[in-house]
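predicted model and sequence below, questions to follow.
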Amino acid sequence: MRVDFLSFIGIVVAFLAILGGNWLEGGHMDSLVNGPAMVIVIGGTIGAILLQTPVPVFWHALRLSGRVFLPARLDMPTTIEKLVQWSNIARKEGLLGLETIADEEPDPFIRKGMQLLVDGSEPDALRSILEMEVDASEQYDIQASKVFEGMGGYSPTIGIIGAVMGLIHVMQNLADPSKLGSGIATAFVATIYGVGLANLFLLPIAAKLKTQSEHISKFREMVIEGVIGIAEGDNPRSIETKLKGFLQ
């Protein structure tokens, strides 16, 4: 695992931009802090997404959210070198010569492919099994990213609901000017919370998770081509040339 510094930098820049812009306009930090608006927007958004999402997908989304800061480490050049090395071993010692290597491989997907290879699976069957796993895993990850995408869609609307509620509070207290300020503040701040939460956090998180899922699928497709090349007895040099195409 390695840290994605861009995620941390993005959050800091976003906060500095909002707070700095408010300060340059002469605003105070206190003006952006509003408890009722926070409860309405965050609570309403979470409630809406819980209603929309199946339980397994929601938990998967929570687990996957860590990838925003700690993405999976996928070293494609090193994996290509390993696959080429294994193809040389297979040509010299046969597929059974890879049995020990398969057992010691730390990556579960590569280990599964190597074990199928050692077990003598036909290339077509091997490809079908591995591609099915890649597709299923990618779809599950995409569903998880859509949880954040959905929250990003609901959040601005919930913010508008908060704004309307604030205005209702104002209308109910027109006779008491001392209570008008809090209602107006809730109305505007709820809108800021809704739009800001969606566009500064939720939608970017969804987009990053989708990109990472696609990167993982690309890595696994490269592994499949390497394993199939070994199964078909391809020349190690041609396997290396083919796999390097995935580095583009």
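The structure has been received and is ready for your questions.

which element is the residue nearest the centre of the chain on?
Computing the C-alpha centroid of the chain and ranking residues by Cα atoms, centre = their mean puts residue 209 first, at 1.7 Å. Applying DSSP states H and E as the criterion places residue 209 in helix 203-231.

buried residues in that helix, which are they?
Residues of helix 203-231 classed as buried by neighbour count (16 or more other Cβ atoms under 10 Å): 203-206, 208-210, 212-213, 216-217, 219-220, 222-231. C-beta coordinates here come from the backbone N, C-alpha and C atoms, glycine included.

quick check: next helix or strand after it?
Later in the chain than helix 203-231, the nearest helix or strand by DSSP H and E is helix 236-244.

distance between that next one and the chain's centre?
30 Å (Cα atoms, centre = their mean, to the nearest Å).

what kind of secondary structure is the residue of the chain positioned farthest from its centre in?
What lies farthest from the middle of the chain is residue 175; by Cα atoms, centre = their mean that is 50.2 Å. Here residue 175 is coil, with the state taken from DSSP: H, G, I helix; E, B strand; the rest coil.

can you pull the phi/psi pair for it?
When read as degrees, to the nearest 10, the backbone of residue 175 gives phi -80, psi -10.

does residue 215 touch residue 76 like I think?
No - in this structure residue 215 lies outside contact range of residue 76 using Cβ atoms under 8 Å: 9.5 Å.

and the contacts of stretch 46-60?
Contacts with stretch 46-60, where a contact means Cβ atoms under 8 Å, 6 or more residues apart in numbering, come from 61, 140-141, 143-144, 147, 150-151, 154, 158.

out of those, the closest to residue 21 would be?
Among the contacts of stretch 46-60, residue 158 lies closest to residue 21 (Cβ to Cβ), at 23.1 Å.

burial count for residue 62?
Using other Cβ atoms under 10 Å, residue 62 is surrounded by 11 other residues.

what does the pLDDT read for it?
Confidence at residue 62, expressed as pLDDT, is 94.

now for it: which residues touch it?
Residue 62 neighbours (Cβ under 8 Å, 6+ apart): none.

now name the helix or strand holding it.
Taking DSSP H and E as the criterion, residue 62 maps to helix 55-64.

show me how far the lengthiest helix in the chain is from its chain's centre.
Taking DSSP state H as the criterion, the chain has its longest helix at helix 123-172. Relative to its parent chain, helix 123-172 has a centroid offset of 11 Å by Cα atoms, centre = their mean.

what packs against it?
With contacts taken as 3 or more Cβ pairs under 8 Å, 6 or more residues apart in numbering; DSSP states H and E, helix 123-172 sits against helix 35-38, helix 44-52, helix 55-64, helix 108-118, helix 180-196, helix 203-231.

quick one: closest of those helices to residue 80.
Per Cβ to Cβ, nearest to residue 80 of those: helix 203-231, 7.2 Å.

angle of that closest one against helix 123-172?
Angle, helix 203-231 to helix 123-172, by axes from the mean of the first three to the mean of the last three Cα atoms, to 10 degrees: 180 degrees.

now the angle from helix 203-231 to helix 108-118?
Using the same axes, to 10 degrees: helix 203-231 against helix 108-118 is 20 degrees.

and the closest residue to residue 239 other than its chain neighbours, what does it touch?
Leaving aside its chain neighbours, residue 239 sits nearest to residue 229 (4.0 Å; criterion: Cβ to Cβ, 6 or more residues apart in numbering). By Cβ under 8 Å, 6+ apart, the residues touching residue 229 are 83, 87, 238-239, 242-243.
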